[in-house]
Every structure is written in C-alpha cells, then in structure tokens.
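**Q** Give me a 3D structure for the following:
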Amino acid sequence: MSVCTPAVESVRLRTPTFRRWQNLFSLCFEKRIRPKQIGPLVKELLSVAPAPGRRIAQALLKPRNPGSTVTDPLQWSYVDELLALNQIDIVDVLEALLKYSQHHPTHAEIESQETGKPRLRNPLALESIILYRMARCITSAERPNRASEVRGVIEMAAQWMISLCRSDDILQAAMGETYQVQQQALMIREELGMLVEALLNNTFVCQTIVDSLPSDRRRKFAKALDTFIPFLAQSSSHVATRLQMNTTRHILVDPATDGVLVGGDETMPHEASVVDLPFMHSRAGLYIYINALGDSQSLLIDLIVTSFDALSNAIYRSDPAQVIFSLRSFVVNKIPTLISHWRPSLYPPLTTEYCIEQALTRLDVHTSQSLVSIFGTTDSNSKMVAGVRQDFIVACTLHGLVSKQSIGRLLGQTSPKSISFGNRSNEDFLVTQCSTNPQRVEELINAIEAMDGNVGAVVGAVTRTIQTLCLNKETMSLRNICNSLSRRPQSLDVILQYTKSSNLLQPLCQLLDDWRYDEDQGEHQPAYEEFAAVLLLVLAFVHRYNLTILDIGISSPSSFVAKVLEQGSTSQPNSTLSKEQSRCLNGWVLGLFETDETGETKGISDDTMSLCSPQEFYLLVPTLFDQTVNACMVRVLDVDTMKEGLEFLLEPFLLPSLIGALTWLTRHSWEDHGNANIVMQVIDKLVRPTSISGDAQAMHGTILSIVGNRLEQSLRTLQAAQPSRQDIEPVLSALQPYLNNQRITNCHITEVQSWMQNGGLQACIRNTMQSLVLWSSTADISMMPPSYTHRQILLAVRTLGPDTVLRAILEEVRNQTDNGNGAMALDVGTALICAPTAEVPQSSSTLDLVTSTIQAPPAQRLSLREHLRLRISDKAKVQAMDVADAEALVRLSRRVEAQMAGPQIQMSGLDVSAPDMMQTMQGLDMTGTVADTAALDAAINQPLDLSGAAGAEMMDQALGLAGAGGALDGIDLGMGAAGAHGGGDLSMADIDAGDVNMDGLGSAGADDDWGLDLDFM
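**A** From the prediction side, this is the model:
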C-alpha cells in the first residue's frame, strides 16, 4: 500500500478524475440510483477516467455536507455493491473511512481546536455501520480473498486501533474534565474490536499471517492490539476478552523465536510447558452448577445425583419453602425432560433406565426411599419432599425412561404400594383444548405445581394460550388467568424453568400499551378490572425476579409499562401537568373524596373512570396521593373523609394502584414534611383494611409482597426516629408474611453476618472449596453435601472484586494440588467460575435493540471468567509469578476455557439478531435513515413496481425519502433516471467536473489537507 504525504494526497484528490468520480456518486445519491444499478455506471466511468480502488472509495465516502450527522443508507449499500464487483476491496474502504473520520489523530487535533469552521468528517453512525459490514464480509469469508488484501487489512486494522486510542488521548488532553465520550464513539470501538476478532477467526487471514506477513508488520499489529484491548475493555469488556484470547493464539507467534509470543517487549515461555493435571468431573462441580441455576452415562448420573444434592442442601440450610418447592419441581419435572433430550445419544447396552438406577444407588446406599431419613427429622420441609424419589421415578416412567416393571426395584421395594399413572400430556393438544374451552386454562394453571412429569407441556400450553389471547385482545379470559397466576408465586418460579420471561410478559405489556376502551363494553369498570389483573401479573413478575424493561421485552421508553416502572411512584408538580391530566386528577379527587348531604363519599362512578384511560390513571396515582396528603395537612380535606375515600381503591378494579401509592409513601421523607401522622394513617388504611372482599384479598396479598420490603425499611426508619410511636408495630406485623418474597441473588443480612464472623468472605470461599473437595473425594458417597450457596460467590465478586475472589480460588487450587487433590480442586474452581449467574444481562429473543430506543444496561463489572482471561494474557506478570502459582493459573484458565467452549458459531456477534450486534447498534443516531439494515437490504434489492402508490411509498420509506416532497415522483429507478429537475438518462455525459459545485459539497480547505501517514504508529 503506497503512502503519500498530505500535500501529494491533497493534490491528487483535486484532480479532474477524482472530481468526476465524486460527481458520479453525488448524482447517484441525488437521483436515488439503486445499488444493483450502479455497476454499469462505474464500469463506464472507469473506461474514460481510470482510478484505483482507493480513489473510488474516497470519492464515495467523502462527506458531502460538512458537520452533518445524517447518514444515507445508499452510501453503505454502494460500498457493498462495489465490493461485490471487485472494484474496491476492504483495504480501500477502511482507508477512506479513516481518512474522513474524526478519530484520525490529525483530525482529532483539529477537532480539539475550536476553530468554528465546518469540519469534513463522516457521521459516527456511518463509521459504525460500515465497520460492522466489513466485519460481516470477513466473517462470511467473502473478504479478504488475496494475500495482498490480507496484508493491507492487517495494516489498516492496526492504524484504526492506534487511531482510536490516539484521538481519545488528544481530545481528553484538550478538553480535560469536560470530555465525555459519545455513545456512538463507544459503538465504533466495539465494531472495530469485532472486525479485528473476525480477522483473527478467518482461516485464510490466519494462514496468510503465518505464511507471508513480515515479522515487523506482525509485531506492529500485535503492539496495536496490546494498546487497543485495554482501551476497548473500558466500554466493551466482552469483546476485549475475546480479543485478548486471540492474541495468544499461534497466528501471533513468530516461528523464528522458537514459540515465543510476539507482542510487547517482554516474552514468556509458551504455556505448553505447563503439564495438565488429570481431567476430573467431580460431584461438587456439578453440585455448584445446579445450585447456581440449576461420556453421556457419567453426565446423566451426575445430573440426577447433584440435583438431589441441591435439594438436600436447601433442606439442610432451612431455605424457604418456596425455594425447596422449586428445586423439588426441578428434580421431578425438569430432570426427566432433560434426560429425554439425551436419550438419542445413548447406545445399547447403555440405557436411561440403567443410568437412573445407578444414580439412585449412589444417592442413598444406606438410606430408605424417603429423604426424611436422610435428616432424621419430620419437619415441614422434610415432609414436603418425602415422596420426591417416587415422584421422580413415576415421572421418568411417564417419559418412557424406565419401565413400569422396574419401579419396585428402583424404589427398593419387593412389592411397592399401588401407584397411579397418568397419561403424558401433549402441548399442542392442550393448546387446542384451551382454545375451545377457556376454563381449561384455569385447570392447567393448577397443574403447574403438580409433581407428575407433565409440567413442561402444561407451561408451554399456558404460555402459548396467553400469547394468543393477547394477540386477539380477549381481555376477559386474560383477567381470570392473570389473577390466578399472580396469587401463585410458586407457579411463577416453575414457569421460568421452561420459558423466558419475555415470552410471557412481552405480549402482556404490548396489550397494556395498546389498551383502548371498547364502546361495546358499556361500563368502564370491567375494562379497569381486566386492565388491573394484567398489570398486577406483570408487576409481580418484575418484582419477584428484579426484571428490567429489557428482560420483559419492552423496546420503547414510551411504553406504558416502561413509564410505570420508571415513573410510577413519582409525583408530578401541578405546573408540569397538562390540561388533560389536571382534568383527570380533579375528577378522581372528587370521585374519591366528594361527600353528599349526609357526609358520605359519593364513590367512583362510571363518569369518573371515563375521564381518563387506565394508563393515565396509574401514572397519576402518586400525584393523587401527594395532593391528598397535602390537602389533609392544610385541613382542606378531613382525615376521616380521606380514609373513607381510600376504601374505594381497595376494590379489585383499582387495587394495583396501591403499588404506586405505597411506593411513593415509602420514598416519603419523614423528617422534611412534618406529616408523619397523616401518612401513617394512610399506610395503615391501605395495609390493614377493615373490610375487603375475597378476590381483592388475594390481590392485596400480592401487592403487599411487591411493596413490603421497601415499606418495612421506611417504617423502621420512622420507628428509630420516633420510638414512642404505637402505630408502627401493627403495620409491621401485618407486613411480616409478605416480606422477602423475591428470588434474586441478594444475600440476607444473617448470611453476611455469619460469613463475616468466620474470617470474612475471602476465608469463607477457601473454606467452601475445602469442604467441597473433601465431600467429592470421600469414599462415603452418601455423605451429606456441605452447606453451599452461590450467593456467597456473587457477593464476594461485588464487594471484594473479581481479582480478590480469583486469587482466593487460585490459592486453594495450589494448596490442594500440593496435598494431592489438585484435579478435584481444579474442577471445583472451574465450576465456581463458570457457574451461571442471573447478573448477566439477558438477551430477549423478542427484543430488537437495533430499533429499540431503550437505553441498554450499563456495562457490568468484569466477571470471574473475564478477569481470568485478562490475568492469563498479561505475559509479563505471569512470568514474574511463582512457578506453582503460574501453573495453577494456566491450568485453571485451560479448564475454564474448555468448559465454556460450546459449538463454534461463526462470529455470532456479527449477526444482527445476536446480543453483541444488538448492543453494538444500540444508540446509533439513525435520524433520517432506516435503522434496520437488514430490512433496508431487502427493500432496495427487491424489484419495485412503481405503477402503484403503495410501491412508491414503500421505496420512499426504505430509502429514507418519506416526506421529501414526493421524492420518487417522476423518477425512474432504471438506467434512465430523471432527476428532480427534469433531465433524461443518467450517463457519462452527466458526469463532468463542472456539473456539480464542489464548494457546495463541502470542500473544507485545511481539513482536507491530510493523508494517511503510518509514522504515528
């Protein structure tokens, strides 16, 4: 690749040839020429104005409007087409993109100087999109297809990496504390990281690097990676860690250095010198994995045994009954389903029945059929699982995993008691039943908590039925279903063992967003009641599992549910209320608190509910309570009247409003307002109602479980400040049954205190590893599993940091290795690091972050796996470590990577449906363009019939022309394109240096007087 000085480059770009190419692309943009039709024009111009690919790419990517932030989808579509025609290559595109990027160091220096003149640069969104599309070409092995192109791409990738680091340093130094990185700039970093990763995963690129890339360029590329990876890790740790692993691969090893890694100035012996310990699957390893959730023969046996171990651990720890029930359902209903999936991989004489028999034999050699005898107790928890083994065997029989004749042998009974066998349920058949008989859904909901092996099919049928009812807006049937589910928290736990939260909640949220009053319904109260039931179920899910708006499938901040979760407990000042909101609020105040001649409140009428939709009402609830409390403070509203009016909110059709009301009250400052007496009366009325109907009572309990913990903390604060108050304790007593109902990874204070008293978290982690290794290595396989909770590891990572936790694990691995238990300790340490965690943001299959305007979750701290990768990749520090410590680190790293390695999916991060690409595209400024590039490709590459208005409208939308004054009117998208000013066919006669005013296209003087200089590397 030739290198030009800035002066020479500037002269070349102002030659008539370059200007004619620029004119061609300008006219193509103006006349909206389709990408498939630009090839003949390019070939025709090449015949009269030959130009190398780098000049063509520069003419195409040169900004036409200085300072513009709007991207044209045709620009990257033309890039794709010219790549396909081999008129340009990836090197040309990357070079031109960097030339007009603000990230080029020379341009960054200009950017840091407030000259006030328009700067010739491309929008950040365009850079991000083109980098993504180049990475996609590399991943699909379309490019690079020549060794020279590989060498050029490697050089340009190195330039891009150094440029991003340098430009950031320049801008940060110039702007100081005021410097803030734009979200789109962070996306560009991630896109570049994914492009480099695609290069290092491309077989042809790797082979070319090994065969023909000079050592100095290889070393330069490795140095650029060493600089870029820590820079990338600040914002995209998941991509940085993948890149870090690639830097230690063979392609960056210089054969001349006898197996020494090329990168920084220091070198270290290759890791092959570290001898692995025997590979061992310990009982403790899978036990850890099941607790964190949850050869084929060994896998099936271990899965069954450790699932029972996890259940035993929960009983031993006296975990809540709901936790034990969830584990029991997992053992009885989920494990047989999982075994069924493995059955095809078993070959005679190995059978599932043999594996199950071996597992049960290992499980209780010296115990009876019931888990009660394991503990020697008959408490409520033990009674709950007394028949778990029999239920498990019966469920396995239902799935055809064992024969009925073998049940007696498996139960250890010569003549087992009579056992009733049901029929195996079929999900499709159940869905059909529900579609014809809505009452069948209620029966299936009752069956979710059964222990018969059919729960998977039942959950699938209920989920699909809810989705169908939402689609058809059958709200009356949904009301009964949602009411039934929201009062069964155990059922919710079981449901999420079989489906994602978004599969169930996204349709419900969409229904709430689209809810409109149907005049055929007559009264408004039934609509409010149906709305309340659906909303309460969504909020119950969100609270119990601490779900985010992304987890439940919401893609827009304007969604009603998103507003409720973000603003549903915030009072609005009167000055910010619209006229419509003020009218609605006044109507509800009168409906609740207006009295008749006898002093009785008039109540909520249909006219009151008709003032606003249910969505508007729930968003106004905090404001309603704020104004109610203030009215009582200034004695505009009598307290007794207030309490009488609040009774109307205890009706089922308004009951979920208590969530917003009580949440607002919990955030109320007791000290600042001086209205504690009034607020306490409100809370007492809502928490301890004097009378409430049966249906409302169940909903009321669900609501208290949602707000209970936060309300208790608020009341404890008031109690500490005013210990003489007598009205707090009754409310706290009423809240007691509804506390601590969340299924999240937070630890209870008693757990934390016990760990602190035993030497702190670091010592507890080492003690936990020791007990797990001892338990796995003991000959007495019926030994009780040690007390273990994965919350301990998660808390340690949060509070101590991943480095301290990893250091504790490594120290114990080394000590156990010295004691002869190294293989077992490695498996336990690997399980601790690889165990699943709910703290990793979930990627919902129903959520499209490409078009979503929801802010993505903030970047998480490095996980143990990611931190281990960074530790092993720091060659200098590893070399300086003690030999035994370094060996423990290398062995653990190998084992973790081997365990996490699944089927190789070719750069799934570059697919628009994959999590990484969704995160990458999040936040792009796509104003005036089509955000979904896949949809754009489909639109602009399909034959278009312009004979109808629908076709023209479709093309306007696809190419971003809607509202452009009839952009397609009179324009033929064939070879003869009539411009907006009339004209005829677009041909080479139109492409002349004088046809277009280049000043108007943004010739920016000194901003263009710089080229691509490799010296800064």
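**Q** Specify the local secondary structure of the residue lying closest to S403 once chain neighbours are set aside.
**A** Once flanking residues are discounted, S403 sits nearest to E353: 6.7 Å by Cβ to Cβ, 6 or more residues apart in numbering. The way it works is simple: take the backbone N, C-alpha and C, and place the C-beta from them, glycine included. Following DSSP: H, G, I helix; E, B strand; the rest coil, the label given to E353 is helix.
**Q** Need the distance between the two termini of stretch 766-786.
**A** By Cα to Cα, to the nearest Å, the extent of stretch 766-786 from end to end equals 13 Å.
**Q** Check which helices and strands the strand or helix carrying H700 sits against.
**A** H700 is part of helix 694-721, with elements assigned from DSSP states H and E. Under the contact criterion of 3 or more Cβ pairs under 8 Å, 6 or more residues apart in numbering; DSSP states H and E, helix 694-721 touches helix 475-486, helix 525-545, helix 657-666, helix 670-673, helix 676-687, helix 729-735.
**Q** May I see the buried residues of the fifth one?
**A** Within helix 676-687, the residues that qualify as buried by neighbour count (16 or more other Cβ atoms under 10 Å) are A676, I678, V679, M680, Q681, V682, I683, D684, K685, L686, V687.
**Q** Show residues contacting stretch 590-600.
**A** With contacts defined as Cβ atoms under 8 Å, 6 or more residues apart in numbering, stretch 590-600 is touched by 601-605, 608, 624, 628, 637, 641-642, 644-646, 648-649.
**Q** Out of the helices and strands packed on helix 694-721, point me to the one whose mean pLDDT is lowest.
**A** With a mean of 61, helix 670-673 has the lowest mean pLDDT of the helices and strands packed on helix 694-721.
**Q** So which elements touch the helix or strand T241 falls within?
**A** Assigned by DSSP H and E, T241 falls within helix 237-247. If you count contacts as 3+ Cβ pairs under 8 Å, 6+ apart, helix 237-247 packs onto helix 183-200, helix 215-233, helix 864-873.
**Q** can I get the ones you listed in JSON lines with mean pLDDT, distance to M161 and mean neighbour count?
**A** As requested, these are arranged in JSON lines below (pLDDT from 0 to 100; distance: least, Cβ to Cβ, whole Å; neighbours: other Cβ atoms under 10 Å):
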{"stretch": "helix 183-200", "mean pLDDT": "87", "distance to M161": "7", "mean neighbour count": "24"}
{"stretch": "helix 215-233", "mean pLDDT": "85", "distance to M161": "4", "mean neighbour count": "18"}
{"stretch": "helix 864-873", "mean pLDDT": "86", "distance to M161": "16", "mean neighbour count": "21"}
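**Q** residues contacting A395?
**A** V332, N333, P336, M451, D452, G453.
**Q** Test for you: state the pLDDT assigned to it.
**A** At A395, pLDDT is 93.
**Q** so how far is L338 from it?
**A** Going from A395 to L338 by Cβ to Cβ, to the nearest Å gives 12 Å.
**Q** Equivalent analysis for Q742, please.
**A** In terms of Cβ to Cβ, Q742 sits 27 Å off from L338.
**Q** do P50 as well
**A** 64 Å.
**Q** T465 reaches T432, doesn't it?
**A** No: here T465 does not reach T432: they are 10.1 Å apart, not a contact under Cβ atoms under 8 Å.
**Q** higher neighbour count, those two?
**A** Using other Cβ atoms under 10 Å as the criterion, T465 and T432 rank with T465 on top: 23 against 13.
**Q** re earlier: okay, the helices and strands packed on helix 237-247 in TSV with distance to N86 next?
**A** Output for those, formatted as TSV (distance: least, Cβ to Cβ, whole Å):
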stretch	distance to N86
helix 183-200	20
helix 215-233	24
helix 864-873	38
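**Q** between those helices, which gets nearest to W342?
**A** Smallest distance to W342 across the helices and strands packed on helix 237-247 (Cβ to Cβ): 25.7 Å, for helix 864-873.
**Q** which other residues reach that closest one?
**A** Helix 864-873 is contacted by residues 233, 237-238, 241, 244-245, 247-248, 793, 797, 802-803, 805-806, 809, 832-834, 862, 877-878, 889-890, 892-893, 896, 900 when judged by Cβ under 8 Å, 6+ apart.
**Q** Under the pLDDT cut-off, which ranges of the stretch 451-600 of the chain? List them.
**A** Within the stretch 451-600 of the chain, the segments meeting pLDDT under 70 span 519-521, 599.
**Q** can you rerun that using 80?
**A** 517-522, 555, 596-600 (pLDDT under 80).
**Q** pLDDT below threshold where in the stretch 251-400 of the chain?
**A** 251-299, 313, 316-317, 344-350, 362-387.
**Q** Which residue ranges of it form helices?
**A** Under the criterion DSSP state H, counting those that start in this stretch, the stretch 251-400 of the chain carries helices at the ranges 283-292, 296-316, 321-329, 335-342, 352-363, 372-375, 380-384, 388-398.
**Q** With respect to R583, which of these lies nearest?
**A** Of those, nearest to R583 by Cβ to Cβ is helix 321-329, at 44.6 Å.
**Q** on contacts alone, who are the packing partners of the closest one?
**A** With 3+ Cβ pairs under 8 Å, 6+ apart as the test, helix 321-329 has helix 296-316, helix 380-384, helix 489-495 packed against it.
**Q** Mind putting those into TSV with distance to F617 and mean neighbour count?
**A** As requested, the helices and strands packed on helix 321-329 are exported to TSV (distance: least, Cβ to Cβ, whole Å; neighbours: other Cβ atoms under 10 Å):
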stretch	distance to F617	mean neighbour count
helix 296-316	42	21
helix 380-384	42	15
helix 489-495	26	21
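**Q** So for G408, which of the ones you listed sits nearest?
**A** helix 296-316 (19.0 Å).
**Q** Compute the inter-axis angle for that closest one and helix 335-342.
**A** 170 degrees (axes from the mean of the first three to the mean of the last three Cα atoms, to 10 degrees).
**Q** Export helix 296-316 to CSV, keeping only CA atoms.
**A** Only the C-alpha atoms of helix 296-316 are listed here, as CSV (Å, rounded to 0.1, in the frame of the first residue of the first chain):
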residue,chain,number,x,y,z
SER,A,296,-23.3,-39.4,28.5
GLN,A,297,-23.5,-42.0,31.2
SER,A,298,-21.5,-40.0,33.7
LEU,A,299,-23.3,-36.8,32.8
LEU,A,300,-26.7,-38.3,33.3
ILE,A,301,-25.8,-40.0,36.6
ASP,A,302,-24.1,-36.9,37.9
LEU,A,303,-27.0,-34.6,36.9
ILE,A,304,-29.5,-36.7,38.8
VAL,A,305,-27.3,-37.1,41.9
THR,A,306,-26.3,-33.5,42.1
SER,A,307,-29.9,-32.3,41.6
PHE,A,308,-30.9,-34.4,44.7
ASP,A,309,-27.8,-33.0,46.4
ALA,A,310,-29.0,-29.4,45.7
LEU,A,311,-32.4,-30.3,47.2
SER,A,312,-30.8,-31.8,50.2
ASN,A,313,-28.7,-28.7,50.7
ALA,A,314,-31.7,-26.4,50.6
ILE,A,315,-33.4,-28.5,53.3
TYR,A,316,-30.2,-28.6,55.4
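**Q** Understood, closing this out.
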